[in-house]
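Asker: Structure for the following, please:
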Amino acid sequence: MSEYVLSIDQGTTSTRAVVFDHSGAVAGSSQKEHQQRFPQAGWVEHDAAEIWRNTREVIGRALADADISRNQLAAVGLTNQRETTVVWDRHTGQPIYNAIVWQDTRTQSICDELAQDGGSDRFKAETGLPLATYFAGPKIRWILDHVDGARERAENGELAFGTMDTWLLWNLTGGRSGGVHITDVTNASRTLLMNIDTLDWNEQICQQIGVPTAMLPEIRSSSEVYAEGHDRSLVLGVPIAGMLGDQHAATVGQACFEPGQGKNTYGTGNFMLMNTGEEPVHNDAGLLTTVAYQFGDQKPVYALEGSIAVTGSLIQWLRDNLGIISEAAESETRAQQVEDSGGCFVVPAFSGLFAPYWRSDARGVIVGLTRYVNADHICRAALEAVGFQSAEVVEAMNASAPEDLTELKVDGGMVVNDTLMQFQADILGVDVVRPEVIETTALGAAYAAGLAVGFWDSTEDVKNNWREGARWSPQMSAQDRQQRLDQWKKAVTRSFDWVES
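Answerer: This is a model prediction of the structure:
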């Protein structure tokens, strides 16, 4: 009897497999980190083969943790770090270069070249996205330009491109022995290559960026049976039936199915999505127009997104680069030792600034330092930087959406930090709400897969499974809130114009 759904959550720092039951509760899980590679300043890479090995391992461990076999699975869902780019040989199954991670900035010169004709919004009307190093299209171009013979092989159909969803699905369904080459609409909408209205590849833009269409996967919905697991995947015969980029999966996991509903995920970066309904909404406030999800043959649902590059990774930086803390949880303990940040602000523009600024020339700064400031103040300033950046995205969304945000649903690893959540409510001036199950990214992929095979009947089942776990209400005065935000925005300007070429 099929009593569970398995979700594979391939993230920026680790890969997780989570087994969910019909109520949306976690029955078993496993997680394994992969190596972060920084070959040069601004470059970030992953070994895609390592991630595939880790995926197989966590699948097995999650099934063991739940004390079940693959025969008890109704379906498998996939969710993934989005714009991270893999190019591999269809015949050998091996990547021709390390995966270039979404945070990587090496493609700035390509984006500058493309922007010479039409500016940074050259492709925005068609794709919903500005020209930026964030997206997959320029990353593909870089690989083809820098690996000997790659462009000719790509044009001949010998190479395949995929974001991590496509790479894992191809391997789970057989790899070079018949693996399917598919992506879903949410991941395709992050490539800078897909028409946001018609949900197909824009051949003219592909040509202008320099990406042969022969290497692109087929675009499908987020919830349908793509294929069954191959014997080397540990889920032999199980339908793989859901696929969403991580932030879109969290939107589904938070049951944001109505226009105006939104969520903020606190992970390596922060990503806020607001459901805008069945028509794409374009804006000039620094937000992205993206596909939220598409279930089977239903109409796609769109979202506005505010993407923030560095939040959870800022805490990792305090731990790994500065040695101020020994583990992530210590950031809250240190922050609680002081009443405020002592006038110190940390602007973590490690790879430029994403929404709402889109300044690739920015770099990280710490400002307002005096002899009074100590490591505890810096820890608090780092946590507050997470809240400030999200507040600026909410400000942009309120300027673009029909109605202002009235409460914020939150998820991701950092939402266990009560100090951060209280500050987020304070600086937003609205309630912040955390669900009982904070594994909403993995849960959303499970829902997409389960809906495709009838494990859940409809989105009403998803709504009924969502339960509030905690709520924080603002305690800061409006005057203090505005003063702090004004100081933050002043600090942000100090990060501008740092990179000149």
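
Asker: Helices of the stretch 351-500 of the chain, residue ranges please.
Answerer: Remark: helices assigned in the stretch 351-500 of the chain by DSSP state H, counting those that start in this stretch are 375-400, 418-428, 440-453, 459-465, 478-493.

Asker: Can you spell out which helices and strands pack onto the last one?
Answerer: Translated: helix 478-493. strand 345-347, helix 375-400, helix 418-428 (3 or more CB pairs under 8 Å, 6 or more residues apart in numbering; DSSP states H and E). (Glycine included, C-beta is placed from N, CA and C.)

Asker: got the angle between the last one and helix 478-493?
Answerer: Regarding helix 418-428 and helix 478-493, their directions subtend 100 degrees when assessed with axes from the mean of the first three to the mean of the last three CA atoms, to 10 degrees.

Asker: for the longest one, same thing?
Answerer: With the same axes, to 10 degrees defining the directions, helix 375-400 sits at 100 degrees from helix 478-493.

Asker: Buried residues of helix 375-400, list them for me.
Answerer: Neighbour counts over helix 375-400 (16 or more other CB atoms under 10 Å) mark 376-397, 400 as buried.

Asker: Low-confidence stretches in the stretch 351-500 of the chain?
Answerer: Along the stretch 351-500 of the chain, segments meeting pLDDT under 70 are nowhere present.

Asker: before we move on, what about the chain?
Answerer: For the chain (pLDDT under 70), the answer is 1, 501.

Asker: For stretch 290-304, buried residues please.
Answerer: Thr290, Val291, Ala292, Tyr293, Gln294, Phe295, Pro300, Val301, Tyr302, Ala303, Leu304.

Asker: picking up where we left off before, now the helices of the stretch 351-500 of the chain in CSV, please, with extra columns for distance to Ser23.
Answerer: Formatted as CSV, the helices of the stretch 351-500 of the chain follow (distance: least, CB to CB, whole Å):
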stretch, distance to Ser23
helix 375-400, 30
helix 418-428, 25
helix 440-453, 11
helix 459-465, 6
helix 478-493, 38
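
Asker: quick one: which of the ones you listed is nearest Ala64?
Answerer: With CB to CB as the criterion, Ala64 lies closest to helix 440-453 of the helices of the stretch 351-500 of the chain, at 17.3 Å.

Asker: Measure how far that closest one is from the centre of its chain, please.
Answerer: Chain-centre distance of helix 440-453: 16 Å, with CA atoms, centre = their mean, to the nearest Å.

Asker: and that helix, what other elements does it pack with?
Answerer: strand 4-10, strand 14-20, strand 73-80, strand 223-228, strand 239-245, helix 246-253, strand 262-266, helix 459-465.

Asker: Dump these to CSV, plus mean neighbour count and distance to Gly368.
Answerer: What follows is the helices and strands packed on helix 440-453, written out as CSV (neighbours: other CB atoms under 10 Å; distance: least, CB to CB, whole Å):
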stretch, mean neighbour count, distance to Gly368
strand 4-10, 29, 37
strand 14-20, 25, 34
strand 73-80, 29, 38
strand 223-228, 20, 48
strand 239-245, 30, 36
helix 246-253, 31, 32
strand 262-266, 27, 24
helix 459-465, 16, 44
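
Asker: Could you dump the ones you listed into JSON lines and include distance to Phe38?
Answerer: Below are these laid out as JSON lines (distance: least, CB to CB, whole Å):
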{"stretch": "strand 4-10", "distance to Phe38": "20"}
{"stretch": "strand 14-20", "distance to Phe38": "17"}
{"stretch": "strand 73-80", "distance to Phe38": "21"}
{"stretch": "strand 223-228", "distance to Phe38": "34"}
{"stretch": "strand 239-245", "distance to Phe38": "24"}
{"stretch": "helix 246-253", "distance to Phe38": "22"}
{"stretch": "strand 262-266", "distance to Phe38": "23"}
{"stretch": "helix 459-465", "distance to Phe38": "39"}
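
Asker: what's the closest of the ones you listed to Gly450?
Answerer: strand 4-10 (4.6 Å).

Asker: check contacts around Gly387.
Answerer: Contacts for Gly387 (CB atoms under 8 Å, 6 or more residues apart in numbering) come out as Leu420, Phe423, Gln424, Asp426, Ile427, Leu428.

Asker: got CSV for those residues, with distance to Gly267 and neighbour count too?
Answerer: Shown next, in CSV, are those (distance: CB to CB, whole Å; neighbours: other CB atoms under 10 Å):
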residue, distance to Gly267, neighbour count
Leu420, 13, 27
Phe423, 18, 25
Gln424, 15, 28
Asp426, 22, 21
Ile427, 19, 23
Leu428, 19, 22
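
Asker: who touches Phe354 in this structure?
Answerer: Counting by CB under 8 Å, 6+ apart, Phe354 has contacts Ala132, Tyr134, Gly269, Gly306, Ser307, Ile308, Ala309.

Asker: Many thanks, have a good one.
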